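Engineer: everything below, folded, please.
(chains A and B, ligands or ions: 1)
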Amino acid sequence: MMINIVRRIAIMALTAAALHSPLSMADTMEQSAFAAMGGKDGLQKIASLGMDNVLNDDRIKDKFTGANIPRLKLLLGTQFCALLDGGCVYGGKDMEAAHKGMNLNDADFNALAEDFRNAMIDLGVPNRHQNVLLAKLAPMEKPITAH
Amino acid sequence: MRNAVLGAAMIAAAVGGAAPSYGQSMFTTADSGRLFATGGVSNVEGAGGGGISTWAMITGYGTKDSIGGNVHGTFIPLANFQDFGTGVAVGLFDRVELSYNHNVFNTGPTGSKLGLGSNYALNQDVYGVKVRLFGDILYDQDTYLPEVSVGAEYKNSDNRALLHALGAKSGTGVDYYVAASKLFLRESVLVNATLRETKANQIGILGFGGPKNNGYQTEFEGSLAYLVTDKFVVGAEYRTMPSNLGFTKADDWKSIYAAYVFNKNLSLTVAYVDLGTIATLKNQNGAYASVQVGF
Ligand code: HEM
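Structural biologist: Numbering: from 1, shown residues only, chains lettered A, B, ... in the order given. The predicted model follows:
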């Protein structure tokens, strides 16, 4: 009985480990999302369209007065690619430093996330893949709204 | 019945009329609030949750800097009974939820069979408070920590003489619960588990306590939902019930549901519910339709 349970748990643990291991054949959810979004170029498009949405969004567009938009679009594209394990290295500031002194709140954060989600919807990214990227962005609320 | 509809419309009008004034004050309404329908919908007791289960999230689209709220109307036609619920709920700064719900449980033609008279109705008021202790349903994607809330519901049912005749020990009762909710956004899955201390017979519509048991019992509410899109959620729920009364048993409640969020002001939930045996009548299955108007 006991041995049986131990054996079952061991099999379950090994299966779980195999599913999470980079050696396994199955793509991770990040890799699948990266592919579904059209790789590095696709993510650059999402970053670009998302930023255009932000600049048309009355709730938050004023925050970007004087920003270097082409540079920001490039940094966002690289950042998304890095977040989805697409082989990019994000070279910008960390999120807390990048937004220091902007006094951003949760409504600002959610508005921006919504604008990027709408970009993904408009570019035809399936919902389950959208959520993989949004799940990477969500924990950035803390550093971004810290000051 | 007509009064209840009218009542809901009036509450909706009153709340709608009051909303702009909030915008003028120091805090904002939830117009730019949350990203997903993370407040859930209004459940049978008026709290933020699914159809029959209670979730940890504070209702509405308010963020921690704003308030949000909603009114709802819910219609549950079962095999032998029908329930009509109306209520209002407010979420304050994503910390506190206050709710009020009125249930009219109509026995329809079954009333005559039970010797009560046709369309005999049992009325119930539920006043709820929920406080979020910790965790954020959306932002906490880098930890397994759920969002956790505690709540209390004061329930008051009329028709005391009938409830006592049925064996219920009281027409009023207080439920206490702790709810944990976790959104696995990467997987598009939402999981909820709630433990409730209660004496309520059929959530209190048949009173509280009874000959078989008159103490608090720990009951479980669980739900699992899949986010099909940012506006469309499908899920299943399970809720255990105490069986305190002598003349009838009570079964666990089950539901499968779909909720569609048209926009941040309007959502519709439809479900198939199986409430088991109610007042000796078996197989109380039926539909569940709920409209929620938010602000
Ligand atoms: C998930 C959410 C967000 C992400 C991933 C993000 C990402 C970034 C990145 C990568 C940069 C460039 C950092 C650098 O200069 O090295 C940046 C800068 C900036 N972000 Fe964000 N950000 C987010 C939310 C927000 C929000 C909510 C606002 C305001 C409403 C905002 C406003 C800005 C501004 C104004 C800059 C400076 C641009 C410039 O000076 O050229 N960000 N952000």
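
Engineer: tell me which element the residue positioned nearest the centre of chain A falls in.
Structural biologist: In chain A, the residue lying closest to the centroid (C-alpha atoms, centre = their mean) is A:Leu133, at 3.3 Å. A:Leu133 belongs to helix A:127-137 when elements are defined using DSSP states H and E.

Engineer: and chain A, which residues reach the ligand?
Structural biologist: A:60, A:63-64, A:67-68, A:71-72, A:75-76, A:79, A:92-93, A:98-99, A:104, A:108-109, A:112-113, A:137, A:140, A:144 (C-beta under 6 Å from any ligand atom). In short, each C-beta sits where N, CA and C put it, glycine included.

Engineer: now with 8 Å?
Structural biologist: Applying C-beta under 8 Å from any ligand atom, we find that chain A lies next to the ligand at A:54, A:60, A:63-64, A:66-69, A:71-72, A:75-76, A:79, A:90-93, A:95, A:97-99, A:102, A:104, A:108-109, A:111-113, A:116, A:137-138, A:140-141, A:144-145.

Engineer: near chain A, which residues of the stretch 51-200 of chain B? Just list them.
Structural biologist: The stretch 51-200 of chain B comes close to chain A at residues B:63-66, B:136, B:138-142, B:185-188, as judged by C-beta under 8 Å from any C-beta of the partner chain.

Engineer: one more time with 10 Å, if that's ok
Structural biologist: For the stretch 51-200 of chain B, the residues in contact with chain A (C-beta under 10 Å from any C-beta of the partner chain) are B:61-66, B:94, B:136-143, B:183-189.

Engineer: give me the buried subset of the residues you listed.
Structural biologist: Among these, those scoring as buried are B:61-63, B:65-66, B:94, B:136-141, B:183, B:185-186, B:188 (criterion: 16 or more other C-beta atoms under 10 Å in any protein chain shown).

Engineer: and the residue nearest to the centre of chain A, what does it touch?
Structural biologist: A:30, A:33-34, A:37, A:43, A:46, A:80, A:83-84, A:113, A:116-117, A:120, A:125, B:185-186 (C-beta atoms under 10 Å, 6 or more residues apart in numbering or on different chains).

Engineer: picking up where we left off before, among the residues of the stretch 51-200 of chain B next to chain A, which are in strands?
Structural biologist: Secondary structure from DSSP state E places B:Ser66, B:Leu183, B:Phe184, B:Val189 of these in strands.

Engineer: next one: the second one relative to B:Val131, how far apart?
Structural biologist: Yep, that's B:Leu183 we're talking about. Per C-beta to C-beta, to the nearest Å, B:Leu183 is found 19 Å from B:Val131.

Engineer: so, low pLDDT: which residues of the chain?
Structural biologist: Just so you know, I chose chain A. Along chain A, segments meeting pLDDT under 70 span A:1-26.

Engineer: the chain in question should be chain B.
Structural biologist: The model of chain B has pLDDT under 70 over residues B:1-39.

Engineer: next helix or strand past the helix or strand hosting A:Val54?
Structural biologist: Element membership for A:Val54 (DSSP H and E) is helix A:39-55. Where DSSP H and E defines the elements, the next helix or strand beyond helix A:39-55 is helix A:69-83.

Engineer: tell me the buried residues in whichever helix or strand comes after that following helix?
Structural biologist: For helix A:69-83, the following helix or strand on the C-terminal side (DSSP H and E) is helix A:95-98. Using 16+ other C-beta under 10 Å as the test for burial, helix A:95-98 gives A:Met95.

Engineer: helix A:95-98 - contacts with which helices or strands?
Structural biologist: With contacts taken as 3 or more C-beta pairs under 10 Å, 6 or more residues apart in numbering or on different chains; DSSP states H and E, helix A:95-98 sits against helix A:69-83, helix A:141-144.

Engineer: do you know which of the ones you listed lies nearest B:Asp274?
Structural biologist: Closest of those to B:Asp274 is helix A:141-144, at 38.9 Å (criterion: C-beta to C-beta).

Engineer: what does the closest one rub up against?
Structural biologist: Contacts of helix A:141-144 with the rest of the structure, by C-beta under 10 Å, 6+ apart, involve A:94-100, A:102, A:104-106, A:108-110, A:112-113, A:137, B:35, B:136, B:138-142.

Engineer: re earlier: out of the buried ones among the residues of the stretch 51-200 of chain B next to chain A, which is nearest to the ligand?
Structural biologist: Nearest to the ligand out of those is B:Tyr139 (C-beta to the nearest ligand atom; 10.4 Å).

Engineer: show me the contacts for the residue sitting nearest the centre point of chain B.
Structural biologist: Note on chain B: the residue nearest the mean C-alpha position is B:Asn43, at 2.0 Å, using C-alpha atoms, centre = their mean. Taking C-beta under 10 Å, 6+ apart, we find B:Asn43 in contact with B:49-55, B:59, B:72, B:74, B:85, B:87, B:89, B:99, B:101, B:128, B:203, B:221, B:223, B:237, B:239, B:255, B:269, B:290.

Engineer: next, count neighbours for A:Lys63.
Structural biologist: 17 (other C-beta atoms under 10 Å in any protein chain shown).
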